[in-house]
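Novice: Below is the sequence, then the predicted model.
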Amino acid sequence: MTAINLKDKLATFSEHWSPKIVSDFNGHDVMVVKVKGEFNWHSHPDTDDFFLVLKGRVTIKLRDRDIHLQKGEMFVVPKGVEHCPVAEDEAELLLIEPRGTPNTGDEATAAKKLKI
């Protein structure tokens, strides 16, 4: 058991929208990701979607409103709710979701999650 430095982990990659697993927690992946631009509209039928902004600003678009997040703020999208994350400038996030959950809501289009 050792401490995990999220800043150091984020420094190991540059690609956007490709979550990297840094730890596991009770059957959940704890991940960091760099984001920029607009992701795709999607939902997760069986799980909530947890977002914590570590750096920058992110908007979580919902069909009926937008949720604006800054560094240190978090939002949980309830399971089954369609959403679309957007970052005008590069931002860094901490994500937590059940192991194996596809980031697009669809295994066929999901980014492969690597452990770093």
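Specialist: Sure, I can see it.
Novice: For the rest of this, base every contact and every neighbour count on C-alpha atoms.
Specialist: Noted.
Novice: if I look at the residue most central in space within the chain, how far off is Asp64?
Specialist: Geometric centre of the chain, nearest residue: Leu95, 4.3 Å, by CA atoms, centre = their mean. Per CA to CA, to the nearest Å, Leu95 is found 23 Å from Asp64.
Novice: ok, now Lys79?
Specialist: 16 Å.
Novice: thinking again about what came up before, show me what the residue nearest to the centre of the chain bridges to in the sheet.
Specialist: Listed by DSSP bridges, the beta-bridge partners for Leu95 are Met31, Phe51.
Novice: which residues sit in contact with it?
Specialist: Counting by CA atoms under 8 Å, 6 or more residues apart in numbering, Leu95 touches 29-33, 49-52.
Novice: Tell me the one among those residues nearest to Thr2.
Specialist: Ranked by distance to Thr2 (CA to CA), these are led by Val30 at 15.0 Å.
Novice: about what we covered before: who wins on neighbours among the contacts of Leu95?
Specialist: Val32 (27 neighbours; other CA atoms under 10 Å).
Novice: thinking that residue is in contact with Ala11, fair?
Specialist: No. Counting by CA atoms under 8 Å, Val32 stays clear of Ala11, with 10.6 Å between them.
Novice: any chance you could map the helices in this structure?
Specialist: With DSSP state H as the criterion, the chain has helices at 6-10.
Novice: which residues in it form strands?
Specialist: 20-25, 28-38, 49-55, 57-62, 66-70, 74-77, 83-98, 114-115 (DSSP state E).
Novice: now for the last one, which elements pack on it?
Specialist: Here strand 114-115 is seen to pack against strand 20-25 when contacts are counted using 3 or more CA pairs under 8 Å, 6 or more residues apart in numbering; DSSP states H and E.
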